[in-house]
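J.: this is a predicted model, with the sequence first.
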Amino acid sequence: MDDERAIRYLAEDVVYLQGKDLRFAIVHGGGKEITRRMADAGLTSKKVAGLRITDDATMEIVEEVMREANKEICSIFRSVGVVPEPISGADGLLVCERKPPVLVDNGGSKKFVDLGRVGQVVRVESRIVLEAIERGRVPIIAPIGKDKSGMTLNINADTAAGSIAGACSEGFVLLTDVDGIYIPGPNGAQLAPELRISEIQDLVAKGIIKEGMLPKTEACVHAINSGVKTAWIANGLRRYALRSVLSGQDHGTKIHG
């Protein structure tokens, strides 16, 4: 999201792959810009297990940044010939509830931390995405949800994407700013080209997969458990990243059951 070229690369790949009869929905984030806006407002950004603690003031910034990011992405996609469909998850797509407090290790002692207005997806109204795709559009989705009381909730973009993929898709590609999942090797950390869910669970238990990579791997596992055939974590800063993943030329870390 910090590199406009990366968004353009993605849009160009979508155009190319649409010509191969593939269809896409895009779920975006905006985390770094949210952190910057919070700092400008004198707010401290805190994360637990890769999830941002979200109070009311933070939520206002989240919603503002997501609106702007969605508009920017739609504009870039439109410029290369894609017809985007801007969608906020809060407009009925992502039915959520507040995520319960998370148990964290606090210097040897464990405690529960309340994440505030952070949501977990209860249901995805997949028809909203699928109907847009049937109309020849590419849904561009902001990861904000609502609970049954109508309160908007901040959803980690990886988490939202995994839930939407699980409800709508055969494949899930999570593009980030690293090449994939790194694991210990004989000469230090090395990229894992392929992992099974059982291996991921072991790496999480050992603390090898942690922090920002936690929600990414959890999203992939959720998507696969919901029916997605294969998931990938790959570097979206590289040109042709998406088409390389889907052609098998360079797939970052491939995850399967």
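T.: Okay, I see it.
J.: direction included, what does the lowest-mean-pLDDT helix or strand in the chain pair against?
T.: Lowest on mean pLDDT, DSSP states H and E among the helices and strands of the chain sits strand 102-106, with a mean of 79. Strand 102-106 has the following strand partners under DSSP bridges: strand 109-113 (antiparallel).
J.: run the chain-centre distance for the partner strand.
T.: For strand 109-113, the separation from the chain centroid amounts to 26 Å (computed by C-alpha atoms, centre = their mean, to the nearest Å).
J.: going forward, count from 41.
T.: With the count now opening at 41, the last piece we talked about shows up as strand 149-153.
J.: can you show me the helices along the stretch 91-240 of the chain?
T.: For the stretch 91-240 of the chain, the helices defined by DSSP state H, counting those that start in this stretch occupy 96-119, 166-174, 197-208, 237-245.
J.: contacts for the last one, please.
T.: Residues external to helix 237-245 that are found in contact with it (C-beta atoms under 8 Å, 6 or more residues apart in numbering): 221, 223, 235, 249-250, 254, 257, 260-261, 264-265, 295-297. Yep, even glycine has a C-beta here, placed from its N, CA and C like the rest.
J.: nearest to Glu104 among the residues you listed?
T.: Ranked by distance to Glu104 (C-beta to C-beta), the contacts of helix 237-245 are led by Leu254 at 26.2 Å.
J.: mind checking pLDDT for the closest one?
T.: pLDDT for Leu254: 90.
J.: give the helix, strand or coil label for it.
T.: Secondary structure assignment for Leu254 (DSSP: H, G, I helix; E, B strand; the rest coil): helix.
J.: wait, it touches Ala89, no?
T.: Yes. In terms of C-beta atoms under 8 Å, Leu254 counts as a neighbour of Ala89; the distance is 5.6 Å.
J.: just want the most central residue of the protein.
T.: Asp198 (2.2 Å; C-alpha atoms, centre = their mean).
J.: for that one, what are its contacts?
T.: Counting by C-beta under 8 Å, 6+ apart, Asp198 touches Gly69, Leu214, Pro255, Lys256, Glu258, Ala259.
J.: please apply the same query to Phe117.
T.: Phe117 makes contact with Ala51, Val54, Ile66, Pro124, Val178, Ile180, according to C-beta under 8 Å, 6+ apart.
J.: redo that, cut-off 7 Å
T.: The neighbourhood of Phe117, defined by C-beta atoms under 7 Å, 6 or more residues apart in numbering, consists of Ala51, Pro124, Val178, Ile180.
J.: before we move on, what about Asp43?
T.: Applying C-beta under 7 Å, 6+ apart, we find Asp43 in contact with Leu277.
J.: not counting residues beside it along the chain, what's closest to Ala182?
T.: Distance criterion C-beta to C-beta, 6 or more residues apart in numbering; nearest residue to Ala182, sequence neighbours excluded, is Met106 at 4.1 Å.
J.: ok, that neighbour to Ala130 distance?
T.: Going from Met106 to Ala130 by C-beta to C-beta, to the nearest Å gives 9 Å.
J.: so between the two, which is more surrounded?
T.: Ranked by neighbour count (other C-beta atoms under 10 Å), Met106 and Ala130 place Met106 first, with 25 against 22.
J.: now that one: how far from His291?
T.: 29 Å.
J.: same question, Val164
T.: As judged by C-beta to C-beta, Val164 and His291 stand 25 Å apart.
J.: so where is this protein shaky, pLDDT-wise?
T.: Applying pLDDT under 70 to the chain picks out residues 146-147.
J.: list phi and psi for the residue at the greatest distance from the centre of it.
T.: In the chain, Pro226 marks the outermost C-alpha relative to the chain mean, sitting 31.1 Å out by C-alpha atoms, centre = their mean. For Pro226, the backbone dihedrals (degrees, to the nearest 10) come out as phi -60, psi -30.
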